[in-house]
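Asks: with the input below, show me the fold.
(3 chains)
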Amino acid sequence: MKGLTSILIINKIWRKVLVGSTIILLADLDYFFAQCEELRNPDLKIKPVVVGVYSGRTQDSGAVSTANYVARKYGVNSGIPLHLARKRLQNVDAVFLPVDYKYYKHISDEIMAQLRSYSDLFEQVGIDEAYLDVSKKVQGSFKAAGLLVEKIKNEVKKKIGISFSMGIGPNKLVAKIAADSNKPDGLTIVKPSNVNSFLESLPVSRLPGIGKKTSQKMNLLGINTIGDLAHYDVQSLIDSFGRNLGVYYHNSANGVNNEPVHEANEAESISRISTLKENTRDLSALLDKTDQLILSIHRDLLNRNSKFKRVGVIAIMANLSVRSKSKTLLSSSDQIDLLKKSVQNLLESLIGESEMKIRRIGVKISEFTSNKETQKQLSSYF
DNA sequence: GTATGCTTTCGGC
DNA sequence: TTACGGCCGAAAGCATAC
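Replies: Model prediction:
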């Protein structure tokens, strides 16, 4: 065992000598949905562009998915109600469009293929982000990495017409924060020797995984910047946030992160959610909607040749609070009737727990097993 | 008391 | 005056087993 460890360490040192340090890129496609709309209609570029999810319940009910930077100047950001966006842009020549996911996905696929070709290891995150491990490709040189990124940016701009922001760092965490710090069309390089000075003055909320709630809690402990967090006693962090998070926060604040770049796996859950025409707590009205959602989920399930073992329903109540119910089955299944029956049971019990009417309803399945595996096991058994 | 598993909520994009 | 999507994975919260 000791011998093996030594070999691994020697291996690591050799790698360092041969290729230099690890270099990770994070590419983040700028205001992606809105930029895609500008791509197919360049006249939009000078106007505020708002891409929204329209729920169909009233004119303009829904939320903003992405807005271009012209619209953001008016306070129109992701997540705000479309009505509010209208109000903020009422005296401006603004353009409101519904999301066209298929089109955006097509553009994304082309860009991702391009990015992948420049990487040693590639990991797509969502429709608009990707990590590239380019350590070998650039021989561990941050300078070479910077030149490579300029080249990729120009090529994607020329071939596809989309801009993105890039962060370069010694690991995924630093690359991500770097990319966030200069948008749109930015490039930020953080060499290992600059990691600490780069991070220390930033607010803790810039660390992935630290949102509003956690940063408020940290502020109460006197932790405001990432530098404060980096110097805070680890054991005290563990006491406040638990072992996993405490260690994660400590390492992250010090720029330490060893997450490898790897190809994304298949999704761990499939879900659909939809806004009802009007608020209701009538079971048959809800089941009409969940049946539609189930049909779409089941199509996806068959496409990936999987079985599910867990079923859930999620309800957004009239006051926008969220309730959910889920259940693990005794065995995996791909049967739509079982799915429908499970959803009905969960829905009945959820309705029984509150007097409030429901505004949006969703269905989710998870804990998949592959049909292929099952078939293999069966055939080898017989 | 700690690990594990199940269920609900949180939060990023 | 108010206004409010549709995903996903991770974390939190809780119960049970050892």
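Asks: can you confirm whether the helix or strand containing residue A:350 lies near DNA strand B?
Replies: Using DSSP states H and E, the element containing residue A:350 is helix A:336-352. No: for helix A:336-352, no contact with DNA strand B is found by CB under 7 Å from any atom of the strand; the gap never falls below 7.6 Å. In this view, the C-beta of every residue, glycine as well, is placed from N, C-alpha and C.
Asks: can you show me the strands along chain A?
Replies: Secondary structure of chain A by DSSP state E: the strands cover A:24-29, A:49-54, A:62-67, A:95-98, A:121-125, A:129-133, A:164-169, A:187-189, A:269-280, A:306-317, A:322-333, A:358-366, A:369-370.
Asks: mind checking those strands for the one nearest to residue A:207?
Replies: Closest approach to residue A:207 among the strands of chain A is made by strand A:164-169 (13.4 Å; CB to CB).
Asks: the closest one versus strand A:129-133: what angle between them?
Replies: 40 degrees (axes from the mean of the first three to the mean of the last three CA atoms, to 10 degrees).
Asks: name the residues that touch strand A:164-169?
Replies: Residues outside strand A:164-169 that contact it (CB atoms under 8 Å, 6 or more residues apart in numbering): A:23-30, A:111, A:142, A:145-146, A:149, A:152-153, A:156, A:174-190, A:195.
Asks: give me the sheet partners of it and which way each runs.
Replies: strand A:24-29 (antiparallel), strand A:187-189 (parallel) (DSSP bridges).
Asks: touching the longest one from outside, list them.
Replies: Think strand A:24-29. A:35, A:108, A:111, A:115, A:119, A:128-135, A:145, A:149, A:162-172, A:174-176, A:178-180, A:183, A:261.
Asks: mind running it again at 7 Å?
Replies: A:111, A:115, A:128-134, A:149, A:162, A:164-172, A:175-176, A:179, A:261 (CB atoms under 7 Å, 6 or more residues apart in numbering).
Asks: over to the last one?
Replies: Among residues not part of strand A:187-189, those counted as contacts by CB under 7 Å, 6+ apart are A:142, A:146, A:149, A:166-168, A:178-179, A:181-182.
Asks: turn the residues you listed into TSV, including pLDDT, neighbour count and distance to DNA strand C.
Replies: Output for the contacts of strand A:187-189, formatted as TSV (pLDDT from 0 to 100; neighbours: other CB atoms under 10 Å; distance: CB to the nearest atom of the strand, whole Å):
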residue	pLDDT	neighbour count	distance to DNA strand C
A:142	97	20	28
A:146	97	17	30
A:149	96	22	26
A:166	95	26	23
A:167	94	27	20
A:168	96	25	23
A:178	93	25	21
A:179	92	23	19
A:181	90	15	22
A:182	92	13	24
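Asks: show me the contacts for the residue of the stretch 151-300 of chain A found nearest DNA strand B.
Replies: Residue nearest to DNA strand B within the stretch 151-300 of chain A (CB to the nearest atom of the strand): residue A:211, separated by 2.3 Å. Applying CB under 7 Å, 6+ apart, we find residue A:211 in contact with residue A:205.
Asks: show me where chain A dips below the pLDDT cut-off.
Replies: Along chain A, segments meeting pLDDT under 70 span A:1-19, A:372-382.
Asks: run the last query once more with 80
Replies: Residue ranges of chain A with pLDDT under 80: A:1-20, A:209, A:211-217, A:235, A:238-245, A:371-382.
Asks: contact residues of it facing DNA strand C?
Replies: So chain A meets DNA strand C at A:53, A:55, A:57-58, A:61-63, A:65, A:78-84, A:86-87, A:99, A:209, A:214, A:241-242, A:244-245, A:248, A:267-275, A:316, A:320, A:359-360, A:362, A:364 (CB under 7 Å from any atom of the strand).
Asks: run the last query once more with 6 Å
Replies: A:53, A:55, A:57, A:61-63, A:65, A:78-79, A:81, A:83-84, A:87, A:209, A:242, A:245, A:267-275, A:360 (CB under 6 Å from any atom of the strand).
Asks: tally of neighbours for the residue nearest to residue A:196 when sequence neighbours are not counted?
Replies: Once flanking residues are discounted, residue A:196 sits nearest to residue A:255: 6.2 Å by CB to CB, 6 or more residues apart in numbering. Neighbourhood size, residue A:255 [other CB atoms under 10 Å]: 22.
Asks: mind checking how far residue A:255 is from residue A:261?
Replies: Between residue A:255 and residue A:261 the computed distance is 17 Å (CB to CB, to the nearest Å).
Asks: and residue A:355, by the same measure?
Replies: From residue A:355 to residue A:261 the distance is 49 Å (CB to CB).
Asks: the more surrounded of those two?
Replies: residue A:261 (22 against 8).
Asks: list only buried entries from the contacts of strand A:24-29.
Replies: A:111, A:115, A:128-134, A:149, A:162, A:164-172, A:175-176, A:179, A:261 (16 or more other CB atoms under 10 Å).
Asks: just those that are near DNA strand B?
Replies: residue A:128.
Asks: what pairs with the residue in the stretch 151-300 of chain A that DNA strand C sits nearest to across the strands?
Replies: When scored by CB to the nearest atom of the strand, the stretch 151-300 of chain A has residue A:271 as its residue closest to DNA strand C, at 3.2 Å. Applying DSSP bridges to residue A:271 gives these bridge partners: residue A:364.
Asks: is it in contact with residue A:362, as I believe?
Replies: Yes: using CB atoms under 7 Å, residue A:271 is in contact with residue A:362, at 5.9 Å.
Asks: many thanks, have a good one.
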